[in-house]
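Student: whatever this is, show me its structure:
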Amino acid sequence: MVLSMLAGRDRMSLGNGFDLRLLSALEVLQARREARELASGDRERALCSNACLLARALEKSEDHTPVFAGGQEVLAGLTVEEIASLAGRWSAFRRENDPGLDLSREELEHVKKNSAATPDSGCGGGS
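Tutor: Okay, the predicted model is just below:
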């Protein structure tokens, strides 16, 4: 994953040989899709969503390889409490590194300038 131009650090150590890393937008979408397939109903959706996010975000510190191949492995390998705790830590880490609305005017202008659609991109009304 390429580090976001707005985000701070892209991973945090859990201190036990594992890291949590920020996910790209595509990885979040993939986790949501996988969670929909795993969940049998609304009551299972949150747990499955957290498991699928963790499958992508939890890595070994030494070589940055995933600990789990997918959400189903997370569900089989961790307790509900472990999943909730790790998902909570990941969510807090994501919020800490999300620039949100507290950008300075200069930072905001830089973001706007660098993310503006070009006529060739097909975005924002271009052809």
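
Student: what number of residues lie near the residue nearest to Leu58 when sequence neighbours are not counted?
Tutor: Using CB to CB, 6 or more residues apart in numbering and skipping the chain neighbours, the partner closest in space to Leu58 is Val67 (4.7 Å). Quick note: C-beta positions are derived from backbone N, CA and C, even for glycine. Val67: 17 surrounding residues under other CB atoms under 10 Å.

Student: for Asp42, see how far away the spatially most central residue of the chain is.
Tutor: Using CA atoms, centre = their mean, the residue of the chain that lies closest to the mean C-alpha position is Leu23, 3.0 Å off. Counting by CB to CB, to the nearest Å, the gap from Leu23 to Asp42 is 23 Å.

Student: quick one: Ala55 and Glu73 touch, right?
Tutor: Yes. Applying CB atoms under 8 Å as the test, Ala55 and Glu73 come out as touching, 6.7 Å apart.

Student: of the two, which one has the most company?
Tutor: More crowded of Ala55 and Glu73, by other CB under 10 Å: Ala55, with 24 against 15.

Student: thank you kindly, that will do.
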